[in-house]
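Participant: here is my input, please return the structure:
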Amino acid sequence: MLRVLKLLPVLLFGLAACSGGGGGSSSSATTGAPGSVHVVVDTAAGSDSLVQFQLAAVALERTDGTSTGNLLTSPKLVVLADPTGETDGFTLQNVPSGSYAAVHLLLAPGSGTALASSGSTAGVTSALDLAVPIAESLQHSAAGRSWLVIGHNGSAPPAVAGSSVHWEPRMSGRLDGSAQTMGGLRVALVQAPNVLTQAASVDDGSLQVEFAAGCQFEDHVSGLSGGGRDDFLRGMSRGDDLSADGELHRDGRFVASRVRRGRGNDGPRLLGRIDELRPASSAFVMHVVAEARRGGRRLLPLPVDVLVDASAARIHASDDRRVLAFGDLSVGQLAKVEWTSRTPRQGDLELVVAREVEVTSAGVPMRPEYEGAVQSVDLGTRTIVVVPRGNDPIFVQGQSVTSVDVHVDAAITIHRQGRRGAASANILLDAVVAGSDRIWWRGDVTGPTAIDASWVRVRDDD
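Facilitator: Next up, the predicted model:
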């Protein structure tokens, strides 16, 4: 059980000790130095509101129940929910070697803000200490660097109504090698067959991108796609931006199954909603509520309408990066626009010429990572019945359940995690052991207690 009350004084002491500052980044000359832990926040929460808090302090709880002090060098404004699902994050410095079971985020009172796509805002209240358990615990060495993803398992933020809403995110630290989408990776060095990048969402922490067998390559700079790794690397330059789908490992490796190259862009992107379509000119009126720049977002004091020229833009969906045509756009969609020029016009809307337009009809769905104990396995229906492990409940769409039927299609890879140095391997369903295996999975909810799995990990629960 997490010792929240015991940790609060430690965090509060750390808050008093940290250097002042408003909502700025904690980036410093020591960012990425040995001992750092880069924490990636998966902001996909199934909501059309952007929700942010100021982190006053962050501590790590060890598996023995003791805690570090505050590991933030200064307060940090962090986005916990973003309609587009773009990651945010922060870096912890000088983290002692140890085995860590949880992250504790101390939210500065009164710092929560929710911004709806309509442009309306509300204050957000929450618990003072947001305790985030870490799956399988984080094994960290002060002589190295570690990476950790935390993501949502609970309910989406409530709709913005009135001047204040209450939301207590339920999050968990993902497994080593969990599925993740990462954008804003700036190419620092091409070391064939891999690429060293800097991740904007975590203070430009160094992340090595490797390419899995069968990786799909897309090159938005040259307009080519479908080529191989060698062609992809040959056209790459320092400063290019990468976005990728794949597995993020805690040792600082990202193994990509799909990767896209774009032009480096340090300018702000516009966030908002499509209010009007003008098909004759392939343009739309956008109600802009915020700007996003590498590693941060800025809410506008007052929303503003602009005219977006999308005639030469690449248009794609946030959820699966599908390429879209202008005719696929619709009024009410959430949009993120990367632009090449902005021109104020007397008596008319500012003209924004878009290079890339990313849209979603609603907030990107939450990507919960469930955990439990294997009760039984039915090979005929390819169903694993999972029950809570110990005192850890299983929540499906915000409701605690006593068991879940997890359907595992034959096309889904099941991975058995090794323990204590043992090798890991892909296995068949008949190798999942009822009564002794621990399981983690992701997938689509098909009923109150039923999920079609898209990703499965098991290990013996000794």
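
Participant: any idea how far the helix or strand containing Gln375 is from the chain center?
Facilitator: Taking DSSP states H and E as the definition, Gln375 sits inside strand 370-378. Centroid separation between strand 370-378 and its chain, computed with CA atoms, centre = their mean, to the nearest Å, is 26 Å.

Participant: for the very next helix or strand once past it, buried residues please.
Facilitator: Next in sequence after strand 370-378, counting helices and strands by DSSP H and E, comes strand 383-387. Within strand 383-387, the residues scored as buried using 16 or more other CB atoms under 10 Å are 383-386. Glycine gets a C-beta too; all of them are placed from N, C-alpha and C.

Participant: cool, stretch 400-418 as well?
Facilitator: 401, 404-408, 412, 414-417.

Participant: stretch 116-134 now?
Facilitator: Neighbour-count burial for stretch 116-134 flags 116-117, 119, 121-122, 124, 126, 129-134 (criterion: 16+ other CB under 10 Å).

Participant: from the chain's centroid, how far away is it?
Facilitator: 16 Å.

Participant: any weak-confidence spans in the protein?
Facilitator: Low-confidence segments of the chain (pLDDT under 70): 1-32, 221-226, 265-266, 294-295, 319-321, 420-423.

Participant: elements contacting the helix or strand containing Met182?
Facilitator: Following DSSP H and E, the helix or strand that holds Met182 is strand 178-191. Helices and strands touching strand 178-191, by 3 or more CB pairs under 8 Å, 6 or more residues apart in numbering; DSSP states H and E, are strand 194-199, strand 205-219, strand 241-248, strand 253-262.

Participant: how about 6 Å then?
Facilitator: Identification of packing neighbours for strand 178-191 by 3 or more CB pairs under 6 Å, 6 or more residues apart in numbering; DSSP states H and E yields strand 194-199, strand 241-248.

Participant: can I get those in a markdown table including mean neighbour count and distance to Ala81?
Facilitator: Shown next, in a markdown table, are the helices and strands packed on strand 178-191 (neighbours: other CB atoms under 10 Å; distance: least, CB to CB, whole Å):
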| stretch | mean neighbour count | distance to Ala81 |
| --- | --- | --- |
| strand 194-199 | 22 | 20 |
| strand 241-248 | 22 | 20 |
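
Participant: with respect to Trp339, which of those lies nearest?
Facilitator: Proximity to Trp339, assessed across those by CB to CB, is greatest for strand 241-248 (14.7 Å).

Participant: that closest one vs strand 253-262, what angle?
Facilitator: In terms of direction (axes from the mean of the first three to the mean of the last three CA atoms, to 10 degrees), strand 241-248 departs from strand 253-262 by 150 degrees.

Participant: and strand 241-248, which strands flank it?
Facilitator: Paired strands of strand 241-248, with direction, are strand 178-191 (antiparallel), strand 253-262 (antiparallel) (DSSP bridges).

Participant: which one of these is the most hemmed in?
Facilitator: Of all those, strand 253-262 has the most neighbours on average by mean count of other CB atoms under 10 Å, namely a mean of 20.

Participant: using CSV, lay out the helices and strands packed on strand 178-191 together with distance to Leu379.
Facilitator: CSV is the format used below for these (distance: least, CB to CB, whole Å):
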stretch, distance to Leu379
strand 194-199, 39
strand 241-248, 27
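
Participant: nearest to Gly154, of those strands?
Facilitator: Using CB to CB, the nearest of the helices and strands packed on strand 178-191 to Gly154 is strand 241-248, at 21.3 Å.

Participant: and that closest one, how far out from the chain's middle?
Facilitator: Strand 241-248 sits 11 Å away from the centroid of its parent chain (CA atoms, centre = their mean).

Participant: just want the angle from it to strand 205-219.
Facilitator: Using the same axes, to 10 degrees: strand 241-248 against strand 205-219 is 110 degrees.

Participant: returning to what we had before: got the contact list for the strand holding Gln375?
Facilitator: Strand 370-378 has contacts (CB atoms under 6 Å, 6 or more residues apart in numbering) with 384-389, 394, 432, 434, 437, 439-441.

Participant: and stretch 331-346, by the same measure?
Facilitator: Stretch 331-346 has contacts (CB under 6 Å, 6+ apart) with 83-84, 117, 265, 269-271, 273-274, 286, 308, 350-361.

Participant: at 8 Å instead, please
Facilitator: 48, 83-84, 86, 117, 265, 267, 269-277, 284, 286, 292, 306, 308, 313, 318, 350-363 (CB atoms under 8 Å, 6 or more residues apart in numbering).

Participant: can you flag the buried ones in those residues?
Facilitator: 48, 83-84, 86, 117, 265, 269-274, 277, 284, 286, 292, 306, 308, 313, 318, 351-360, 363.

Participant: out of those residues, which are inside strands?
Facilitator: 269-274, 277, 284, 286, 292, 306, 308, 351-360 (DSSP state E).
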